[in-house]
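Visitor: Got a predicted structure here, sequence first:
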Amino acid sequence: MNERIGTLLKREPSSETLKAEGWVRTKRDSKNVCFLELNDGSTLKGLQVVINKEDLGDQALLDSITTGSSVIVTGTIVASQGSNQAVEMAASALTLVGSCPPETYPLQKKRHSLEYLRDIAHLRARTNTFGAVTRVRNVLSWAIHQYFQERGFIWVHTPIISTSDAEGAGQMFQVTTLDLENVPKTEAGLVDWNEDFFSRQAFLTVSGQLEGETYATALKNIYTFGPTFRAENSNTKRHLSEFWMVEPEMAFCTLEGNMAIAEEFLKYLFSSVLEKCGEDMEFFSTHIEAGMNDTLAKIVESPFVHLTYTDAVKELEKYNDKFDYPVSWGIDLQSEHEKFITEVIAKSPTIVTDYPKDIKAFYMKLNDDEKTVRGMDVLVPRLGEIIGGSERESDLDILVKRMVEMNLDPADYWWYLDLRRFGTVPHAGFGLGFERVVQYVTGMANIRDVIPYPRAPRLADF
């Protein structure tokens, strides 16, 4: 395998003959010399290839090479005579692998809008912005595994097809093999699920948490990292219908331990990006969101502020005239409130705890006041919630009561309740929406621009 362009750019000039493979970003022609900028996605900066026309002796070949063409160049790395790069390649041979007709190629030299690039998502990775997003996404993915593996967590693959609604919200995509134009019915006129593939209703998972808990109560510390789905009809810059979730679950762990892990985890991810994606982060700081490097560095170095929901509401109520949605105790905090907490009240990433039980999921541990639960949300400036989690309810009777209060049938969760029957322990966990963290780190305004092929209402192209 030949070296990537990112590696070639770090080489010292030498007489060694090397090959560079990639796609032409730009082409500049003069009477005697042709300059190509070649990129293969390994780095933001392309490799400048200098072609002496007299040495190559094939003007027709050069004429056929346009922006977007794929080529293989043979040559040596030499000191660059230009000011934009330290080294360049002096070409001795050139092969056109795939031509690219300029009259129909959607990516031109001009700057394209992000909205336009969403319509050609199959090609947008060739741009500087989306190449950088993808490299950062890759580093974050690897850092997630490194963080948990270094601490003895076990990666568990939870099912994508599920019969349980972990959130109790009902926003699930149904999975079926029934003929929708001739649905089998029971004598009572209802859908006969016995005729379906699983002999019952099945859905795409909204979370691997419940299944993750079953393994945490056997292996102590586990994590999941995979796709999840929400059939939420929300067309915003913060929501997707298909996204990736990171969900650690820890046995013998309380809310306090959960908060400590969540803070350490985020700082580890941000540090990894700052360390390994310097060129790309400089690009985002310059062209997308000013000062992203400094923002992440400050988060890494500063302790997170802790606030109870009740105290947060008391502070927010002082500024109700500033909000589209006025704040009062018992409401679910909106994005504008979360941002205000971090940017004005705390001036720091903030962990808000002890939410009203009526706005949180059935599995969160009930506090002694029987009004609030041991839930937590980690909020960061500019984005709002980036992590949500809780200590899980470990008392069987209380958990069953909470299910009934939320109109869930405990019989559907018999296996989940068994965890409280057989050796129950305090345990806790959280969920990190992976695209949310990619969006935050890169400064990209729309979450649809940090996943290769976004899925949202009326959007399932490619």
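Guide: Noted; the coordinates are in hand. Note that this is a predicted model, so its numbers are computed, not measured.

Visitor: Tell me which other helices or strands the lowest-mean-pLDDT helix or strand in the chain touches.
Guide: Lowest mean confidence among the helices and strands of the chain (mean pLDDT, DSSP states H and E): helix 53-56, at a mean of 84. The contact analysis (3 or more Cβ pairs under 8 Å, 6 or more residues apart in numbering; DSSP states H and E) places helix 53-56 against helix 59-64, strand 87-98. Using the backbone N, CA and C atoms, a C-beta is placed for each residue, glycine as well.

Visitor: starting at the chain centroid, how far to it?
Guide: Put simply, helix 53-56 sits 47 Å off its chain's centre (Cα atoms, centre = their mean, to the nearest Å).

Visitor: sorry, back to before: so which of the helices and strands packed on helix 53-56 is the most surrounded?
Guide: strand 87-98 (a mean of 17; mean count of other Cβ atoms under 10 Å).

Visitor: So which bits of the helix or strand following it are buried?
Guide: Next along the chain after strand 87-98, taking DSSP states H and E as the criterion, comes helix 114-119. Across helix 114-119, burial judged by 16 or more other Cβ atoms under 10 Å covers Leu114, Leu117, Arg118.

Visitor: Make a markdown table out of these and add pLDDT and distance to Asp55.
Guide: Supplementary listing: these in a markdown table, determined by pLDDT from 0 to 100; distance: Cβ to Cβ, whole Å:
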| residue | pLDDT | distance to Asp55 |
| --- | --- | --- |
| Leu114 | 95 | 42 |
| Leu117 | 95 | 38 |
| Arg118 | 95 | 43 |
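
Visitor: is it possible to export these to a markdown table including distance to Gly388?
Guide: Formatted as a markdown table, the buried residues of helix 114-119 follow (distance: Cβ to Cβ, whole Å):
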| residue | distance to Gly388 |
| --- | --- |
| Leu114 | 27 |
| Leu117 | 30 |
| Arg118 | 27 |
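
Visitor: Pick out whichever of these sits closest to Ala86.
Guide: Distance to Ala86 across the buried residues of helix 114-119 (Cβ to Cβ) is lowest for Leu117, with 30.4 Å.

Visitor: Contact partners for that closest one?
Guide: Shown in contact with Leu117 (Cβ atoms under 8 Å, 6 or more residues apart in numbering): Arg124, Thr127, Thr129, Phe130, Asp449.

Visitor: In helices, which of those fall?
Guide: Thr129, Phe130 (DSSP state H).

Visitor: The contacts of Leu117: which two are farthest apart?
Guide: For the contacts of Leu117, and using Cβ to Cβ, no pair is farther apart than Thr127 and Asp449, which are 10.8 Å apart.

Visitor: Of these two, which one has the most company?
Guide: A count of neighbours by other Cβ atoms under 10 Å puts Asp449 above the other of Thr127 and Asp449, at 23 against 17.

Visitor: any chance of the contacts of Leu117 in CSV, plus pLDDT and distance to Gly212?
Guide: Formatted as CSV, the contacts of Leu117 follow (pLDDT from 0 to 100; distance: Cβ to Cβ, whole Å):
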residue, pLDDT, distance to Gly212
Arg124, 96, 34
Thr127, 96, 37
Thr129, 96, 34
Phe130, 97, 32
Asp449, 97, 29
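
Visitor: Tell me the one of the contacts of Leu117 nearest Lys110?
Guide: Thr127 (11.4 Å).

Visitor: quick one: contacts for the spatially most distant residue from the centre of the chain?
Guide: When distances are taken from the C-alpha mean of the chain, Glu54 lies farthest, 49.4 Å away, according to Cα atoms, centre = their mean. Applying Cβ under 8 Å, 6+ apart, we find Glu54 in contact with Asn32.

Visitor: Ramachandran angles for the residue lying closest to Ala93 once chain neighbours are set aside?
Guide: Nearest non-adjacent residue to Ala93, counting by Cβ to Cβ, 6 or more residues apart in numbering: Thr74, 4.0 Å away. Reported as degrees, to the nearest 10, the phi and psi values for Thr74 are phi -110, psi 140.

Visitor: got it, and Ile51?
Guide: phi -120, psi 120.

Visitor: got the contact list for Arg124?
Guide: Leu117, Arg118, Phe130.

Visitor: one more time with 10 Å, if that's ok
Guide: For Arg124, the contact set (Cβ atoms under 10 Å, 6 or more residues apart in numbering) comprises 106-107, 112, 114, 116-118, 130-131, 133-134, 449, 452.

Visitor: repeat for Asp29
Guide: Phe35, Leu36, Ile51, Lys53, Leu62, Asp63, Ile65.

Visitor: right, and the third one touches Ala90 too?
Guide: Yes. Because the distance of 8.5 Å satisfies Cβ atoms under 10 Å, Ile51 is recorded as touching Ala90.
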